[in-house]
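Peer 1: dropping a prediction and its sequence here:
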Amino acid sequence: MSNEIELAKNLLLDLVSVYTPPRYEFKLIPVVRDWADKLGYDEFYVDDVGNIFLRLGSHGRTILLAGHLDTVPGEVNVKLSQDTIYGRGAVEAKGPLAAFILGAVLSKLGECNSKICVAGLVREEDDGLGSRHLVESGFKSDYIIVGEPTNLGVAIAYRGSISIRVSANTLGGHSSAPHIGESALDKLIQFINIVKDKFNSVKFDDVSCAFTVLRAGDWPSNLPKKGEAYANVRYPPGCRSEDIVREIKEVAQSIGVELEILSIEKPVKVSLNTTIVRALVRSILHSKLKPKIVKKTGTSDMNTLIAISNNITAFGPGDSRLAHTDYEKIRIDEVVTAARIISNALKELSRI
């Protein structure tokens, strides 16, 4: 256990110490290559878009452990305090990636006769280029575990995502006489209030909306002539994106603003009886922990990678409530526990 703790600590510190917002993932290539050599991986390579792969074994079923290299922008000081590592990406999602890298190696110390590929995908926090490239390039895998901070729960569902941009163009006017002018900002605020009122649930099975950017105005005494806002709508399996888009378009038309749909990501849900889910649940029980089945309100590479295999789930250490915050932290022993759970699940899958 002490050796695993030391390995996990040093590996995660190395990963978190390199700041990798989207499009800067290449900075981790030499770091992960060194660890692949140190841990005895059979192969390390980088694909055309910058995804990195660490391979163990060459026969049997292929099992993909798909983490991601990028983090949201915003540097956070990296520090080690007793048994906890702090820093950008500690939770989302370098903690899960470290657990994958270590867990695959632990599985090979026992009887695991599968081809295991640990992947560090690019731009998960941006446009999902890494996972899309895997699908479009014809990557094959029998089973997939996506590395996300599930707090050691087994994720069987993620909501879909609709990203929108709304813009307003008006005549403007003087702030002393708003009744005879026209404000782009007022139109955007009206749109925001109506849409947020329509989609304001906090439940997985409902639709929610978050406005993330609002820009308008260039002078304190002028009514803004132009403005724009960005929002992200999340919707559960069973909802049609077309219906949601139609509702938003109706609001935009009634107010007189322009709507642009930037992207749509479909929701994903798998059965509790999926082989990979059952293997992880049994492995968690083997670790004397109580399995938790979770449905995530966000979106992940699982939404895309299900096109490769329906035998897919998401799993990893870390409290997702800390993801994307300046307070990201993760306990080293939790990373080791996740690695052991993954290791045992890999051994079971290789015997099927």
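Peer 2: Nice, I can see it.

Peer 1: quick one: the helices in the stretch 151-300 of the chain?
Peer 2: Counting by DSSP state H, counting those that start in this stretch, the segments of the stretch 151-300 of the chain that form helices are 184-198, 241-255, 275-286.

Peer 1: from those helices, which stretch is densest packed?
Peer 2: Mean neighbour count (mean count of other Cβ atoms under 10 Å) peaks for helix 275-286 among the helices of the stretch 151-300 of the chain, with a mean of 20. Quick note: C-beta positions are derived from backbone N, CA and C, even for glycine.

Peer 1: and that helix, what's its mean pLDDT?
Peer 2: Taken as a whole, helix 275-286 has an average pLDDT of 98.

Peer 1: can you show me the CA trace of it as PDB?
Peer 2: Extracted in PDB, the C-alpha atoms of helix 275-286 (Å, rounded to 0.1, in the frame of the first residue of the first chain):
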ATOM      1  CA  THR A 275     -21.100  -5.900 -18.300                       C
ATOM      2  CA  ILE A 276     -18.700  -3.100 -17.500                       C
ATOM      3  CA  VAL A 277     -21.100  -1.600 -14.900                       C
ATOM      4  CA  ARG A 278     -21.500  -5.000 -13.100                       C
ATOM      5  CA  ALA A 279     -17.700  -5.500 -13.100                       C
ATOM      6  CA  LEU A 280     -17.100  -2.200 -11.400                       C
ATOM      7  CA  VAL A 281     -19.900  -2.800  -8.900                       C
ATOM      8  CA  ARG A 282     -18.400  -6.200  -7.900                       C
ATOM      9  CA  SER A 283     -15.000  -4.700  -7.700                       C
ATOM     10  CA  ILE A 284     -16.200  -2.000  -5.300                       C
ATOM     11  CA  LEU A 285     -17.900  -4.600  -3.200                       C
ATOM     12  CA  HIS A 286     -14.600  -6.500  -3.200                       C
END
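
Peer 1: please convert the helices of the stretch 151-300 of the chain to a markdown table, extending it with distance to residue 344.
Peer 2: Below are the helices of the stretch 151-300 of the chain laid out as a markdown table (distance: least, Cβ to Cβ, whole Å):
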| stretch | distance to residue 344 |
| --- | --- |
| helix 184-198 | 44 |
| helix 241-255 | 38 |
| helix 275-286 | 4 |
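
Peer 1: and the ones you listed: which comes nearest residue 99?
Peer 2: helix 275-286 (12.3 Å; Cβ to Cβ).

Peer 1: which other helices and strands does the closest one contact?
Peer 2: For helix 275-286, the packing partners by 3 or more Cβ pairs under 8 Å, 6 or more residues apart in numbering; DSSP states H and E come out as strand 143-147, strand 154-158, strand 312-315, helix 332-351.

Peer 1: name the stretch among the ones you listed that sits most buried.
Peer 2: For the helices and strands packed on helix 275-286, the largest average neighbour count (mean count of other Cβ under 10 Å) is found in strand 143-147, namely a mean of 30.

Peer 1: which residues touch that strand?
Peer 2: Outside strand 143-147, the residues that touch it by Cβ atoms under 8 Å, 6 or more residues apart in numbering are 61-68, 93, 96-97, 99-100, 155, 275-276, 280, 300-302, 305, 308-309, 311-316, 342, 345, 349.
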